[in-house]
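Asker: please work out how this folds:
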Amino acid sequence: MAVRHRLIRVSPSAVWDVLADGNRYAEWVVGTSESHPVRGQWPHKNAAIRYQVQLGPVRLDNETVVRHCEAGTRLELEAKAGLLGTARIAIELRPWGEHCLVIVDEHPLRGAGGRLHNAGFEALIQLRHRTMLARLARLCEDGADDAGSARRALGQVTVGSGADGTRHA
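Answerer: Residues are numbered from 1 along each chain as shown. Below is the predicted model:
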């Protein structure tokens, strides 16, 4: 079972805003392009989005369906990948101070992906998740920067001057 996590330096609600926009799915999910909702209201249960995966000159149309949604904290998806089968992807958001810890748990359910699942396949999923979480972090954190929020690097101390001209941390 491929489980990976990442601390994203925005609030859980800011991360949820990105996850809850079906049109942005292709911006953070590795290997996808041109996502758009096709039924239901994303990310409510049984809503679906369609997207394309491009492998060289071949384009495959795939679909992801919401199987469970706890708005703002948990999203469980079933990704349908044609002949490769389906996978369950659970995304959990946990407050971590003023930031968000995102935990992704993915494993195959049906089809060739489930039959061929092994340590090598697991390593590829881990690499995919690392890239996916980096994309999600960039979207969320850059969006926060664009909105004019003043963020500083974790562990950074701000030094300023007091009214009397003395410097303090």
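
Asker: ok, Leu101 touching Arg94?
Answerer: Yes. Counting by CB atoms under 8 Å, Leu101 touches Arg94, with 4.4 Å between them. Any C-beta I mention is one placed from the backbone N, CA and C, and that applies to glycine too.

Asker: so who does the residue nearest to the spatial centre of the chain touch?
Answerer: Centroid-nearest residue in the chain: Leu136, 4.9 Å away (criterion: CA atoms, centre = their mean). If you count contacts by CB atoms under 8 Å, 6 or more residues apart in numbering, Leu136 has them with Arg6, Ile8, Val15, Val18, Leu19, Trp28, Val102.

Asker: mind redoing it with 10 Å?
Answerer: 6, 8, 15, 18-19, 24, 27-29, 91, 100, 102, 104 (CB atoms under 10 Å, 6 or more residues apart in numbering).

Asker: please apply the same query to Thr64.
Answerer: 22, 25, 29, 32, 35, 38, 42, 47-51, 77-81, 86-87, 89.

Asker: beta partners of it?
Answerer: Beta-bridge partners of Thr64, counted by DSSP bridges, are Ile49, Ala79.

Asker: what distance do you get for it to Arg88?
Answerer: 11 Å (CB to CB, to the nearest Å).

Asker: now do the shared contacts for those two.
Answerer: Common neighbours of Thr64 and Arg88 (criterion: CB under 10 Å, 6+ apart): Leu77, Glu78, Ala79.

Asker: state the mean pLDDT of the helix ranked longest in the chain.
Answerer: In terms of residue count, the longest helix belonging to the chain (DSSP state H) is helix 119-146. Mean per-residue pLDDT for helix 119-146: 83.

Asker: chain center to that helix: distance?
Answerer: Distance of helix 119-146 from its chain centroid, counting by CA atoms, centre = their mean, to the nearest Å, is 7 Å.

Asker: who touches both of Leu101 and Arg94?
Answerer: His5, Leu7, Pro12.

Asker: so the helix or strand containing the first one versus helix 119-146, what angle?
Answerer: Translated: His5. Element membership for His5, per DSSP states H and E: strand 2-8. Inter-element angle recorded for strand 2-8 and helix 119-146: 20 degrees (by axes from the mean of the first three to the mean of the last three CA atoms, to 10 degrees).

Asker: tell me which helix or strand comes right after strand 2-8.
Answerer: Following strand 2-8 toward the C-terminus (DSSP H and E): helix 12-19.

Asker: pull the residues that contact that next one.
Answerer: Outside helix 12-19, the residues touching it (CB under 10 Å, 6+ apart) are 8, 10-11, 20, 24-25, 27-28, 42-43, 69, 71-75, 77, 91-96, 98-102, 135-137, 139-141, 143-144, 147, 149.

Asker: alright, I will stop here.
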